[in-house]
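>>> Attaching a predicted model along with its sequence, questions to come.
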Amino acid sequence: MDIDLKILRYDPESDRKGHWEYYTVEADPEERILDLLHKIKWFEDGTLSFRRSCAHGVCGSDAMVVNGENMLACQVLVKEVSNPITIEPIRGLPVVKDLIVDMDPFFDSYKKIMPYLINENEPGERERLQSPEERDKIEDTTKCILCAACTTSCPVFWTADSYIGPAAIVNAHRFIYDSRDEGSKQRLEILKDVNGAFRCRTAFNCTSACPRGIQVTKAIEDVKRETLLNN
Amino acid sequence: MKIIKHSFDGVIVGAGGAGLRAAIEAAPHMKLAVITKLYPTRSHTGAAQGGMSAALANVEEDNWNWHAFDTVKGSDYLADQPAVDILCKEAIDAVIELEHWGLPFSRLENGKIAQRRFGGHTVKEGEAPAFRACYAADRTGHMILQTLYQKCVSMGVEFFDEFQVLDIKIEDGVCKGVIAFELSTGDIHIFETRAVTFATGGFGKIFKVSSNAHSLTGDGPGILYQKGIPLEDMEFYQFHPTGIYRLGILLSEAARGEGGILRNKDGERFMERYAPSIKDLAPRDMVSRAIATEISKGNGAGPQNDYVYLDLTHLGAETINKKLPDITDFVRTYVKIEPINEPIPVQPTAHYAMGGIPTDVNGRVLSDEKNTILPGVYAAGEAACVSVHGANRLGTNSLLDIMVFGKRAGQSMLEYVSKTKASSISDSSSDDLVKKINNLIEKEHTDEFSVGRIRNDLQESMEKNTKIFRTEETLSEQTKILEDLRERYENVTIFDKGKVFNTELMETIELDYLLDMSESTVASALARKESRGAHSRQDFPERDDADWMKHSFAFKNGNSATLRYKDVELGKYEPMERKY
């Protein structure tokens, strides 16, 4: 079947602002949106630029806005979206070229929450013990692949890019609720900031955008509660 | 195009498991740069699923010697046994170290790291399947990649994200630096350095149906191969038995470790005929051949009789949701069936390169079959060939390999840097490369010579002629096709003339490496007149220990390869018939 695509393009070397370009490609209903982008790039217009790597939803490279919603282009099939398909870069981060945005501000926020295990005690020669119940508390938030689909779906982030954003809070959650970690106090101090967790207005966009099915808004609420308890 | 110069003591190319592990070892003691064409967390280590083996004995009695026995037998006796001993002995500390850095392993009731069964891993040298694979649900690789990156962030490791390394400069046999291309600007960066580790991963994109990421194009092996460094054991490429039909997306062996069963169109558990004792948990080469054989005998399912079923329906929703959540989600997303109730259509998928850049057990790159060391150059992970996997890698041993030999490569870099002086690289060292890129961009674009078309033809022909079963005829046919593809590549043209994120230019350069990987693979496969591990010659169906207990070294020779050989290092395990 023929699929029509409408893609927001921007070339910093020749365009002053973004413009729409239209393509028609032949595709099976079972193909991924990423496959359509590849058909254009490989056989029609080599200038179309986007990030991708694993092509099955685990590397987090190809978050984009498809028919108005954030998703991974490799995780959605042609038959699941309506024709014509509109594709735009994720919002709230500077567009560099076509569907590629500058990810540095996103990773800077991630690094702010000290995303690593903090524990000064000598762990001994064998593994630290952790019960299955303790481990379960971080089951959801350890799934994050840092694709930015959540953060760039957040209306607060669109208007205030100083907001640390859902992804950073999810990763803080992953350590705050890890029974082996002792850095909660420092992290909660950071998240108490004016640009921290309390900027969240529970719009739930992040939860619906997460390609890993993480309960992002719930994780943010957990962190808000910890912050209050910590005071 | 701007040219920017940097000076470092050491550079690591690639930020997957092996590169990051090497960085953790080296970064505290030297000025180190890690260069990656992706962001580190996008690396394909993150797609590994089932586990990382180590004889922790958390579930039952275990011993690293049994792990070594299984690895050697699984390799069809082509692995170097002293290297396998190191791998299996150091496995235990490698797992503990990851736990200490925060890796959220799944846990047993007593709080220890959980372990599961996996293909080819047994207790007491073949007695029964062993609980040896340490895991975090079915996203163990994701957790390893995240944990290693987190550790690097805590240490302040310096990364150059989205930089593609294009060349290494070796003068008088000594490493001087690498040249990289910054994707976001098109600028060229000269990294002056005396130690380089290549940890660029595999090259599964030489095949059409593959579990590999688009970025896995053999860049590190390709760069060195073009400099006259040989590639070892390239004929041994692993096809994983259970890729999602047509898409090739990996469905972990953990599915069978947890009790999943392979069935043909009649519902028969056919592995009982091929490996009577461990059945569905036989090593991957045997299971993939069994599937291909079933399909060729007309026992495949579907309208074209070209797949088999992976049946998980008897495992129950709880086990599936708890232990195999990601892979069953892939099935729901891409096949639109519910694996709790329905069997999954699968076919073998190109998965892992046993071969690659030859190294010793300390990650030092060897420049020939006589073990001559190339000073200052190291390799680790799938890009390298130590060799611990021989002719067929056991499941979970790749995650082990990146940890054990990534660390060792980092240590070797340190040792080398501490006893050598910094040397300089000339500002003109990127001139030839700049010229090559400019030529590519200036050539007028034609459809016939587009990257997409040439690569498509490469992947389809490699799939058809060199996959699970090979013959003199198919390999000779592929040799001719590769000559034609190489000729077309010499005239390749690109559409995108810009500097910013010219990903078409990057794909063009990657295609050069894919052609190198294909040429060396086919030449090595054509020369090896026996069947061993993943290399199955229908015209030479037996293993031939008298003539072929040796590693192949392919040296680039125009568009083909010259082959030389090195004897396998044996140890306590005598080669025997491989039955399971």
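Sure thing, it's come through.
>>> From here on, just use CA atoms for contacts and neighbour counts.
OK.
>>> Next up, the contacts around the nearest residue to B:Ser430 once chain neighbours are set aside.
If the residues on either side of it in the chain are set aside, B:Ser430 comes closest to B:Ile179, at 6.7 Å by C-alpha to C-alpha, 6 or more residues apart in numbering or on different chains. With contact taken as C-alpha atoms under 8 Å, 6 or more residues apart in numbering or on different chains, B:Ile179 is in contact with B:Val165, B:Leu166, B:Asp167, B:Ile168, B:Lys169, B:Ile188, B:His189, B:Ile190, B:Phe191, B:Ser430.
>>> Now do the SS call for the closest residue to chain B within chain A.
Residue nearest to chain B within chain A (C-alpha to the nearest C-alpha): A:Cys54, separated by 3.9 Å. Secondary structure assignment for A:Cys54 (DSSP: H, G, I helix; E, B strand; the rest coil): coil.
>>> Just checking: what are the partner strands of the helix or strand hosting the residue nearest to B:Ser430?
According to DSSP states H and E, B:Ile179 maps onto strand B:174-182. Take DSSP bridges as the rule and strand B:174-182 pairs in its sheet with strand B:163-171 (antiparallel), strand B:188-192 (antiparallel).
>>> which bits of the stretch 1-150 of chain B sit near chain A?
Residues of the stretch 1-150 of chain B lying near chain A by C-alpha under 8 Å from any C-alpha of the partner chain: B:41-44, B:46-47, B:96, B:99-102, B:104, B:106-113, B:142-143, B:147, B:150.
>>> Those in helices, which ones?
B:Ile96, B:Glu99, B:His100, B:His142, B:Met143, B:Thr147, B:Gln150 (DSSP state H).
>>> contacting residues for the spatially closest residue to the fourth one that is not a sequence neighbour?
For B:His142, the nearest residue in space outside its immediate sequence neighbours is B:Gly46; the separation is 3.7 Å by C-alpha to C-alpha, 6+ apart. Under the criterion of C-alpha under 8 Å, 6+ apart, the neighbours of B:Gly46 are A:Val58, A:Cys59, B:Gly16, B:Arg139, B:Thr140, B:Gly141, B:His142, B:Met143, B:Ile144, B:Leu145, B:Gln146.
>>> Among those residues, which pair sits farthest apart?
The most widely separated members of those, counting by C-alpha to C-alpha, are B:Gly16 and B:Arg139 (14.9 Å).
>>> More neighbours: these two, which one.
B:Gly16 (29 against 25; other C-alpha atoms under 10 Å in any protein chain shown).
>>> and the gap between the more buried one and B:His100?
Distance, B:Gly16 to B:His100, by C-alpha to C-alpha, to the nearest Å: 19 Å.
>>> For the residue nearest to B:Phe449 when sequence neighbours are not counted, grab the count of nearby residues.
Here the nearest residue to B:Phe449 in space, its sequence neighbours aside, is B:Val492; by C-alpha to C-alpha, 6+ apart that works out to 4.7 Å. Counted with other C-alpha under 10 Å, residues neighbouring B:Val492 total 20.
>>> Same question for B:Lys579.
Counted with other C-alpha under 10 Å, B:Lys579 comes out at 13.
>>> give me every residue that touches the residue lying closest to it once chain neighbours are set aside.
Nearest residue to B:Lys579, sequence neighbours excluded (C-alpha to C-alpha, 6+ apart): B:Ala275, at 7.0 Å. B:Ala275 makes contacts with B:Ala282, B:Lys579, B:Tyr580, as judged by C-alpha under 8 Å, 6+ apart.
>>> Show me which of the residues you listed is closest to chain A.
For the contacts of B:Ala275, with chain A as the reference and C-alpha to the nearest C-alpha as the criterion, the closest is B:Ala282, at 26.6 Å.
>>> any idea how far whichever residue of chain B sits closest to chain A is from B:His445?
Proximity of chain B to chain A (C-alpha to the nearest C-alpha) peaks at B:Ala213, 3.9 Å away. Remark: distance between B:Ala213 and B:His445 (C-alpha to C-alpha) = 27 Å.
>>> and what of A:Gly213?
Distance from A:Gly213 to B:His445, by C-alpha to C-alpha: 43 Å.
>>> the helices in chain A, which residues?
Here chain A has its helices, by DSSP H, at A:33-43, A:104-112, A:132-136, A:155-159, A:166-176, A:184-191, A:205-209, A:216-230.
>>> closest to A:Glu69 out of the ones you listed?
Of all those, helix A:205-209 comes closest under C-alpha to C-alpha, at 7.3 Å.
>>> which outside residues touch that closest one?
A:69-71, A:149-151, A:153-154, A:166, A:213-217.
>>> try 7 Å this time
A:Asn70, A:Met71, A:Ala149, A:Cys150, A:Thr151, A:Ser153, A:Cys154, A:Pro166, A:Ile214, A:Gln215, A:Val216, A:Thr217 (C-alpha atoms under 7 Å, 6 or more residues apart in numbering or on different chains).
>>> Can I get that helix as PDB, trimmed to CA atoms?
The C-alpha coordinates for helix A:205-209 follow below in PDB (Å, rounded to 0.1, in the frame of the first residue of the first chain):
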ATOM      1  CA  ASN A 205       2.000  13.200  29.100                       C
ATOM      2  CA  CYS A 206       5.200  11.600  30.100                       C
ATOM      3  CA  THR A 207       3.600   8.400  31.200                       C
ATOM      4  CA  SER A 208       1.800   8.000  27.900                       C
ATOM      5  CA  ALA A 209       4.900   8.900  26.000                       C
END
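>>> just to revisit the earlier point, tabulate the contacts of B:Ala275 in a markdown table, adding columns for pLDDT and secondary structure.
What follows is the contacts of B:Ala275, written out as a markdown table (pLDDT from 0 to 100; DSSP: H, G, I helix; E, B strand; the rest coil):
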| residue | pLDDT | secondary structure |
| --- | --- | --- |
| B:Ala282 | 94 | coil |
| B:Lys579 | 88 | coil |
| B:Tyr580 | 89 | coil |
